[in-house]
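Q: A predicted structure for the sequence below; I have some questions about it.
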Amino acid sequence: MSEPTHVSAPAQARDNSGHVNRLRNRNIRNGLLFIAPNFIGFFFLVLIPVVTLFYTSFTKWSALSDPQFNGLWNWRRLFTDENFLNALINTLYYAVVHIPLTLAIAFGLAVLLNSKIKGRAFFRTIAFFPYVTAIVAVAQVWSMMFDPKAGLINQFLGLFTDNVPGWLSDTHWAMPAVIIVGTWREVGYFMILLLAGLQTIPAELYEAAKVDGANAWERFWHITVPCMRPTLFFVTVTLTITSLKILDLTLVMTNGGPGTSTLVLAQYVYRVAFERADFGYASTVSLALFFICLAVTLVQFWYNNAKEK
């Protein structure tokens, strides 16, 4: 009979180490293969276009000719372009009204639907439904409701006053109408995000506050709001960027009109690039929008960090 083979402890340790290394390398390889499509898509569809955008913003370029370097001419043109300045004002107007309005309604609904009420699952679905509805359908339905003569909204307002707004046909009321539709559409999405944050707050904090005699309003300000600060910060940043790059709603509902009362920066980029074929200047306008979003986001990060210290 052959004697059993004994493997020394160092040799066995080396075998185990080699097996662990092979397993780790295989996991790393599989992980890289799994995320590779995302990075490849980012490189070719985002990074290269953005780098190209910086170059074309310093050129005069149409689709029918080669780019010609013109220095800072496009950037100087921004400050004398009335359409750009008007689009900038409209974009800021939309963002300044839309952001706090959407955030307040979404937060209120999240707090309400986080409580123990009947049918809360149904109401959560109903609130989220507008966000997943096709924007063209949403815009068409609301456009009919905002009709100055036959629209449902003015028919209701006509019961109380004869001086009803012209809404989408009025330069003063067109942007408020767009803000109403944008808020109605996006409230459900941000409500879900805030609701997820509310459900991470330990119930013991509320129970302890009740024992100490805190009422509902005090519990909201001293427990809910501080615990929700990270979620509120994320929602605010996301909502800000979404508001500043608004395009689809104004494009379908008003096409920037009447006049230029609802013309926003993203739509102005579209007009300059694809209607005037001035891709160099369109790149400059789009970079201006990018820098505005970046500056506002950095201010929000700075303010949030200052509050946490």
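A: Structure received.

Q: Please enumerate the helices of the stretch 51-200 of the chain.
A: Along the stretch 51-200 of the chain, counting by DSSP state H, counting those that start in this stretch, helices occupy 73-78, 82-114, 120-132, 135-145, 152-157, 174-198.

Q: Out of those, flag the one nearest residue 38.
A: Comparison of those against residue 38 by CB to CB identifies helix 174-198 as nearest, at 22.2 Å. Every C-beta, even on glycine, is put in place using the N, C-alpha and C of the backbone.

Q: hmm, back to that, would you reformat the helices of the stretch 51-200 of the chain as a markdown table and include distance to residue 303?
A: Formatted as a markdown table, the helices of the stretch 51-200 of the chain follow (distance: least, CB to CB, whole Å):
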| stretch | distance to residue 303 |
| --- | --- |
| helix 73-78 | 27 |
| helix 82-114 | 14 |
| helix 120-132 | 27 |
| helix 135-145 | 32 |
| helix 152-157 | 37 |
| helix 174-198 | 19 |
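
Q: what is the mean pLDDT for the strand or helix carrying residue 22?
A: Element membership for residue 22 (DSSP states H and E) is helix 9-42. Regarding helix 9-42, the rounded mean pLDDT is 78.

Q: ok, now stretch 140-155?
A: For stretch 140-155, mean pLDDT is 91.

Q: What of stretch 285-299?
A: 93.

Q: The residue nearest to residue 242 when sequence neighbours are not counted: neighbouring residues, count only.
A: Nearest non-adjacent residue to residue 242, counting by CB to CB, 6 or more residues apart in numbering: residue 186, 7.1 Å away. Neighbour count of residue 186, defined by other CB atoms under 10 Å: 21.

Q: Equivalent analysis for the one 10 residues further on, please.
A: When neighbours are counted by other CB under 10 Å, residue 196 registers 12.

Q: Quick check: it touching residue 230?
A: No: with contact defined as CB atoms under 8 Å, residue 196 does not count as touching residue 230 (11.4 Å).

Q: Would you check that residue 107 makes contact with residue 195?
A: No: contact criterion CB under 8 Å: residue 107 and residue 195 do not qualify, at 9.7 Å.

Q: Mind listing the shared neighbours of the two?
A: Common neighbours of residue 107 and residue 195, counting by CB atoms under 8 Å, 6 or more residues apart in numbering, are absent.

Q: which residues sit in contact with residue 301?
A: residue 237.

Q: cool, and residue 72?
A: When contacts are counted by CB under 8 Å, 6+ apart, residue 72 touches residue 58.

Q: quick one: low-confidence ranges for this structure?
A: 1-18, 309 (pLDDT under 70).

Q: change it to 80
A: In the prediction, the chain carries residues with pLDDT under 80 at positions 1-21, 63-64, 116, 119, 307-309.

Q: tell me the domain boundaries of it?
A: The chain breaks down by automatic domain parsing into domains covering 9-56, 74-308.

Q: Tell me how many other residues crowd residue 252.
A: Neighbourhood size, residue 252 [other CB under 10 Å]: 17.

Q: Not counting sequence-adjacent ones, nearest residue to it?
A: By the measure of CB to CB, 6+ apart, the closest residue to residue 252 outside its immediate chain neighbours is residue 139, 3.9 Å from it.

Q: ok, now which ones touch that neighbour?
A: Going by CB under 8 Å, 6+ apart, residue 139 touches 181, 249, 252-253.

Q: Need those in a markdown table (columns: distance to residue 290 and secondary structure).
A: Putting the contacts of residue 139 into a markdown table (distance: CB to CB, whole Å; DSSP: H, G, I helix; E, B strand; the rest coil) gives the following:
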| residue | distance to residue 290 | secondary structure |
| --- | --- | --- |
| 181 | 25 | helix |
| 249 | 20 | helix |
| 252 | 24 | helix |
| 253 | 25 | helix |
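
Q: Now flag whichever of those residues is closest to residue 203.
A: residue 181 (37.0 Å).
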